[in-house]
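Participant: quick one: sequence plus predicted model below, questions after.
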Amino acid sequence: MKELLRTNDPTVIAFATTLLDGEGIPAFAMDVHMSVLEGSLGILPQRLMVRDADLFMARAILRDNGIDLPGEG
(Lines give C-alpha, C1' and ligand atoms only; values in the text may rest on other atoms or scores of the structure.)
Protein backbone atom coordinates (compact mmCIF):
# COMPACT_ATOMS: atom_id res chain seq x y z
CA MET A 1 0.00 0.00 0.00
CA LYS A 2 1.12 3.52 -0.76
CA GLU A 3 0.21 6.77 0.93
CA LEU A 4 -1.95 8.84 -1.37
CA LEU A 5 -2.96 11.67 0.92
CA ARG A 6 -2.17 13.00 4.40
CA THR A 7 -4.38 15.65 5.98
CA ASN A 8 -5.76 16.93 9.26
CA ASP A 9 -9.15 17.54 7.62
CA PRO A 10 -11.43 14.48 7.94
CA THR A 11 -13.79 15.87 5.30
CA VAL A 12 -11.01 15.66 2.68
CA ILE A 13 -10.44 12.02 3.57
CA ALA A 14 -14.17 11.30 3.24
CA PHE A 15 -14.43 13.15 -0.09
CA ALA A 16 -11.34 11.45 -1.52
CA THR A 17 -12.55 8.03 -0.38
CA THR A 18 -15.92 8.61 -2.06
CA LEU A 19 -14.27 9.73 -5.31
CA LEU A 20 -12.02 6.70 -5.39
CA ASP A 21 -14.84 4.32 -4.49
CA GLY A 22 -16.85 5.71 -7.41
CA GLU A 23 -14.00 4.74 -9.73
CA GLY A 24 -13.62 1.27 -8.23
CA ILE A 25 -10.37 2.01 -6.39
CA PRO A 26 -10.33 0.67 -2.83
CA ALA A 27 -8.83 3.05 -0.27
CA PHE A 28 -8.03 2.61 3.40
CA ALA A 29 -7.95 5.47 5.91
CA MET A 30 -5.24 5.11 8.55
CA ASP A 31 -4.76 6.95 11.85
CA VAL A 32 -8.48 7.72 12.06
CA HIS A 33 -8.68 6.95 15.76
CA MET A 34 -5.51 8.79 16.78
CA SER A 35 -7.66 11.61 18.22
CA VAL A 36 -7.90 9.48 21.37
CA LEU A 37 -4.18 10.01 21.92
CA GLU A 38 -4.10 13.68 21.00
CA GLY A 39 -7.23 14.76 22.86
CA SER A 40 -9.34 15.47 19.74
CA LEU A 41 -7.32 18.54 18.76
CA GLY A 42 -6.84 17.49 15.14
CA ILE A 43 -3.06 17.77 15.34
CA LEU A 44 -2.19 14.31 14.03
CA PRO A 45 -2.94 13.87 10.32
CA GLN A 46 -4.89 10.99 8.85
CA ARG A 47 -3.52 9.07 5.88
CA LEU A 48 -5.35 7.62 2.90
CA MET A 49 -3.72 4.52 1.45
CA VAL A 50 -4.24 2.76 -1.90
CA ARG A 51 -2.74 -0.29 -3.57
CA ASP A 52 0.55 0.30 -5.39
CA ALA A 53 -1.09 -0.53 -8.72
CA ASP A 54 -3.84 2.06 -8.17
CA LEU A 55 -1.60 4.95 -7.08
CA PHE A 56 -1.21 6.65 -10.48
CA MET A 57 -4.94 6.57 -11.28
CA ALA A 58 -5.90 7.60 -7.73
CA ARG A 59 -3.61 10.64 -7.89
CA ALA A 60 -5.13 11.67 -11.21
CA ILE A 61 -8.68 11.35 -9.85
CA LEU A 62 -7.95 13.48 -6.80
CA ARG A 63 -6.00 16.07 -8.79
CA ASP A 64 -8.86 16.35 -11.32
CA ASN A 65 -11.26 17.02 -8.45
CA GLY A 66 -9.20 19.79 -6.85
CA ILE A 67 -7.58 17.88 -3.99
CA ASP A 68 -3.98 19.01 -3.44
CA LEU A 69 -1.55 16.13 -3.15
CA PRO A 70 1.80 16.19 -1.35
CA GLY A 71 4.75 17.01 -3.58
CA GLU A 72 2.55 18.35 -6.38
CA GLY A 73 2.27 21.91 -4.97
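Facilitator: Right, received. Where do you want to start?
Participant: which residues does the residue positioned nearest the centre of the chain bridge with?
Facilitator: By Cα atoms, centre = their mean, the chain has its centre lying nearest to Leu48, at 3.1 Å. For Leu48, the beta-bridge partners under DSSP bridges are Leu5, Ala29.
Participant: what segments of this structure are strands?
Facilitator: Counting by DSSP state E, the chain has these strands, from start to end: 2-7, 27-30, 46-50.
Participant: any idea which of these is most buried?
Facilitator: Mean neighbour count (mean count of other Cβ atoms under 10 Å) peaks for strand 46-50 among the strands of the chain, with a mean of 19. The C-beta positions use only the backbone N, C-alpha and C, and glycine is treated the same way.
Participant: name the helices or strands packed onto that strand?
Facilitator: Contacts defined by 3 or more Cβ pairs under 8 Å, 6 or more residues apart in numbering; DSSP states H and E place strand 46-50 against strand 2-7, helix 10-22, strand 27-30.
Participant: before we move on, the earlier item: quick one: closest of the strands of the chain to Asn65.
Facilitator: Closest to Asn65 of the strands of the chain is strand 2-7 (Cβ to Cβ; 11.8 Å).
Participant: what's that closest one in contact with?
Facilitator: For strand 2-7, contacts defined as Cβ atoms under 8 Å, 6 or more residues apart in numbering pick out 12-13, 16, 27, 45-52, 55, 58-59, 62, 67, 69-70.
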